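Peer 1: Whatever this is, show me its structure:
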Amino acid sequence: YDLKPSEMFHRQCFLTTWFDSIAPFVGQIGKDNILWSTNLPLTTSTWPQTQETIERCFVEVSTETREKILFLNAKKLYNL
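Peer 2: Presented below is the predicted three-dimensional model:
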């Protein structure tokens with residue numbers, strides 16, 4: 001293969017999360033391959049405490065990384 005497995009992963013794989021702490025994933029996976037979800041309408045949704053959940057999960061995450069994970073990565077992936 002022309003690409004290493006890690007290069008393939010970063011080219012075509014994404015992790016979606018909605019209640020985990022984000023900082024460890026950023027170091028392991030990279031900020032460009034993480035998406036955020038409220039998981040609505042499932043019972044495991046963060047709603048109606050979504051803002052509080054985001055604040056708790058994004059501790060020690062920069063504003064730039066937070067914006068990428070919350071909306072910019074999905075915008076780029078889905079050509080929105």
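Peer 1: can you give me the strands for the protein?
Peer 2: 15-17, 34-36 (DSSP state E).
Peer 1: okay, those strands, which one's buried deepest?
Peer 2: strand 34-36 (a mean of 20; mean count of other Cβ atoms under 10 Å). C-beta coordinates here come from the backbone N, C-alpha and C atoms, glycine included.
Peer 1: what pLDDT, on average, does that strand get?
Peer 2: Average pLDDT, strand 34-36: 96.
Peer 1: Against which helices or strands is that strand packed?
Peer 2: For strand 34-36, the packing partners by 3 or more Cβ pairs under 8 Å, 6 or more residues apart in numbering; DSSP states H and E come out as strand 15-17, helix 73-77.
Peer 1: With distance to Phe71 added, can I get the strands of the chain in JSON lines?
Peer 2: Below are those laid out as JSON lines (distance: least, Cβ to Cβ, whole Å):
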{"stretch": "strand 15-17", "distance to Phe71": "13"}
{"stretch": "strand 34-36", "distance to Phe71": "8"}
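Peer 1: Show me what Thr17 is bridged to.
Peer 2: Trp36 (DSSP bridges).
Peer 1: Relative to Leu3, how far out is it?
Peer 2: For Thr17, the distance to Leu3 equals 25 Å [Cβ to Cβ, to the nearest Å].
Peer 1: next one: Pro48
Peer 2: For Pro48 relative to Leu3 (Cβ to Cβ), the value is 43 Å.
Peer 1: The nearest residue to Asp20 once chain neighbours are set aside: how many residues sit nearby?
Peer 2: Once flanking residues are discounted, Asp20 sits nearest to Cys57: 6.4 Å by Cβ to Cβ, 6 or more residues apart in numbering. Neighbour count of Cys57, defined by other Cβ atoms under 10 Å: 20.
Peer 1: just the helices in the chain please.
Peer 2: Taking DSSP state H as the criterion, the chain carries its helices at 5-12, 23-28, 50-57, 63-67, 73-77.
Peer 1: Export those helices as a markdown table, with columns for distance to Leu42 and mean pLDDT.
Peer 2: Below are those laid out as a markdown table (distance: least, Cβ to Cβ, whole Å; pLDDT from 0 to 100):
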| stretch | distance to Leu42 | mean pLDDT |
| --- | --- | --- |
| helix 5-12 | 26 | 91 |
| helix 23-28 | 21 | 90 |
| helix 50-57 | 13 | 95 |
| helix 63-67 | 23 | 97 |
| helix 73-77 | 18 | 96 |
